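Dropping a prediction and its sequence here:
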Amino acid sequence: MLTETTALAPEGGGTVGASARAVTAPPGSRAIPSALSSGARSLLLNASMEPLCIVSLRRAVLLVMSGKATVLETDGRVLHSEHAAVPLPVVLCLTRYVHVPVRKPVPPTRRTVLQRDSHRCAYCGGGADTVDHVHPRSRGGRHEWSNVVAACVRCNHRKADRLLHEIGWELTFTPRAPRWSVTFGSSAVRAEPLWAAYVRT
Ligand SMILES: [Zn+2]
């Protein structure tokens, strides 16, 4: 695969955009062009195999065709260009390491906390729509990852501004900041199981 795809690298450092025009679909195939514009996404890893970001399938194909990345996981479909066939990448890896500035920690917001906790109430395990401060803010609790959990409306109301030991509740896990950007969190992995081996959640 690697030799086929790197053979497509534009001579003299052509741009990724230029190689886009070389992408053609095999006659009679509608599935692949629609996949390219369907919002399908690929997981892009650095050359160190560390997850970098999620890119559109179209961008992923262009990275492979320009020799800037190689395909690690594919869904089995193949895109044919004039000179070679490129497996549609589900996971791809840059051929050269790029230095990435230190990631800013993701702040705990309603969206990111619900995502970290997979929309499960930390107290009853039911579906959660709200965020609860384990140590209530009204009693000095801080708004930080270690003090916020997803909670259902019912549990949130029942707990109110009390401490867990005051009502005999306890957490079954220790809340922590997600190790990666929540972009790579459990919900992303559920959406694309082939990413799971490359992403720690
Ligand atoms: Zn609940």
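Sure, I can see it. Numbers count the residues shown, from 1 in each chain.

State the next helix or strand along the chain beyond the strand ranked longest in the chain.
Ranked by residue count, the top strand of the chain under DSSP state E comes out as strand 69-80. Proceeding N to C from strand 69-80, the next assigned helix or strand is strand 85-94, under DSSP states H and E.

ok, and what's touching that next one?
Applying C-beta atoms under 8 Å, 6 or more residues apart in numbering, the external contacts of strand 85-94 come out as 1, 4-5, 8, 32, 35, 42-47, 49, 52, 57, 60-61, 63-65, 68-80, 192, 194-195, 198. Backbone N, C-alpha and C define where each C-beta goes, glycine included.

Which among those residues count as buried?
For these, a burial check counting by 16 or more other C-beta atoms under 10 Å picks out 5, 8, 32, 35, 42-46, 52, 57, 60-61, 63-65, 68-74, 79, 192, 195, 198.

And the longest strand of the chain, how far out from the chain middle?
Centroid separation between strand 69-80 and its chain, computed with C-alpha atoms, centre = their mean, to the nearest Å, is 18 Å.

can you give me the angle that strand makes with strand 85-94?
Strand 69-80 and strand 85-94 are oriented at 160 degrees to each other (axes from the mean of the first three to the mean of the last three C-alpha atoms, to 10 degrees).

to the chain's geometric centre, what's the distance from stretch 89-100?
Stretch 89-100 sits 14 Å away from the centroid of its parent chain (C-alpha atoms, centre = their mean).

Can you list the buried residues in that stretch?
Pro89, Val90, Val91, Leu92, Cys93, Leu94, Thr95.

Reformat those as TSV; add pLDDT.
Shown next, in TSV, are these (pLDDT from 0 to 100):
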residue	pLDDT
Pro89	93
Val90	93
Val91	95
Leu92	95
Cys93	96
Leu94	97
Thr95	97
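
Quick check: Leu171 touching Val134?
Yes - counting by C-beta atoms under 8 Å, Val134 is a contact partner of Leu171 at 6.8 Å.
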